[in-house]
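> Just to be clear, the model below is a prediction. Sequence and coordinates:
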Amino acid sequence: MVRPRKQFGQHWLKSDKALDAIVKAAECSTNDRILEIGPGTGILTRRLLPLVESLVAVEIDRDLCELLVKQLGKKENFILLQGDFLTLDLDANLVAFPKFQQPNKVVANIPYNITGPIIEKLLGTIANPNPQPFDAIVLLIQKEVAERLYAQAGSKAFGALSVRVQYLAECELICHVPAGAFYPPPKVDSAVVRLRPRQMEVTARDPKRLENLVKLGFGAKRKMLRNNLQSVVDRDRLSQLLEQLNINPQARAEEISTQQWVELVNLLDVGNGE
Ligand code: SAH
């Protein structure tokens, strides 16, 4: 077995149960073009390759890349890019490889230390959504982060990340994965989640404003929304709009669902004469 490196967040998945759950959640078809981030020793890659049209993997560790090329380099539906996924220009790297361009699904056991930035690169932001949204994104991530992605308003895990991600994608828990499913076991438990990018039924008229107000609204924990936003929205006016939406005017940011956030910010804009 290849010795895992801490600096790259390497934890090899060894549980068949977890691997099966990831592959099943990806609902692979022979038309699918997969993007895998951090293939590691290729344990997940090997399972996916026979099921899909093509798979492009991005791995930062040179030694692992050498190994992967040796073992999987002959597969005609596999291509490996060496580099940092966060800074890599996927389109530019795939110009000469039409079969791998514009992957429609992401399936990966990612390095946990860069989960937030990876999700942002895959989905984009509220103000700048990815113009080529994926059909599905199946990720194995830290359990606490997973909980924030699919949290409902009012629950402990619901926060700014929940709103930002839920605005861009439907999020569901597939299964929990215990630390013992990896070598070496990470210090945290894990979970498989599936994100399906989509537009919400009601979208923000001013996405940048929604983004800013969410950031500000969740700023000071356990404070009423109208207090957190008082530098930009009149407190009384906000109370009135919250009531109009059947939300307690004393509500805190974490009690307001993603959809209600959108409705609230759209109402604010109306009042501005837009
Ligand atoms: N998918 C494998 C490995 C998961 S560990 C398995 O399930 O066993 C995370 C992997 O991501 C490691 O191979 C690590 O080298 C790689 N990695 C870490 N940072 C990365 C980055 N910025 N870009 C691409 N790959 C990265």
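Yep, it's here.
> okay, CA-based contacts and neighbour counts for the rest of this
Fine.
> Looking at the stretch 151-274 of the chain, which residue is nearest the ligand?
Phe182 (7.6 Å; C-alpha to the nearest ligand atom).
> residues in contact with that residue?
11-15 (C-alpha atoms under 8 Å, 6 or more residues apart in numbering).
> Now it. Nearest residue, chain neighbours left out?
Distance criterion C-alpha to C-alpha, 6 or more residues apart in numbering; nearest residue to Phe182, sequence neighbours excluded, is Leu13 at 4.4 Å.
> same question, Leu210
Nearest residue to Leu210, sequence neighbours excluded (C-alpha to C-alpha, 6+ apart): Val265, at 6.1 Å.
> Can you give me the neighbour number for the one you found?
20 (other C-alpha atoms under 10 Å).
> and it, which of the three is it?
helix (DSSP: H, G, I helix; E, B strand; the rest coil).
> Tell me which residues touch it, please.
Val265 neighbours (C-alpha under 8 Å, 6+ apart): 204, 206, 209-210.
> Tell me the confidence at it?
Val265 carries a pLDDT value of 96.
> how about the residues of this structure near the ligand?
Selection of the chain residues close to the ligand by C-alpha under 6 Å from any ligand atom yields 8-13, 37-40, 43-44, 58-61, 83-86, 108-111.
> Weed out the non-buried ones from these.
8, 10-13, 37-40, 44, 58-61, 83, 85-86, 108-111 (16 or more other C-alpha atoms under 10 Å).
> Can you flag which of these belong to helices?
Leu44 (DSSP state H).
> For the stretch 151-274 of the chain, which segments count as strands?
Ranges of strands in the stretch 151-274 of the chain, per DSSP state E, counting those that start in this stretch, are 169-177, 182-183, 190-197.
> What is the distance between the first one and the centre of its chain?
Here strand 169-177 shows a centroid-to-chain-centroid distance of 11 Å under the convention C-alpha atoms, centre = their mean, to the nearest Å.
> Likewise for the second one?
The gap between where strand 182-183 is centred and where its chain is centred comes out at 22 Å by C-alpha atoms, centre = their mean.
> ok, back up a step: nearest to Arg33, of the strands of the stretch 151-274 of the chain?
strand 190-197 (15.6 Å; C-alpha to C-alpha).
> Could you figure out how far that closest one is turned away from strand 169-177?
160 degrees (axes from the mean of the first three to the mean of the last three C-alpha atoms, to 10 degrees).
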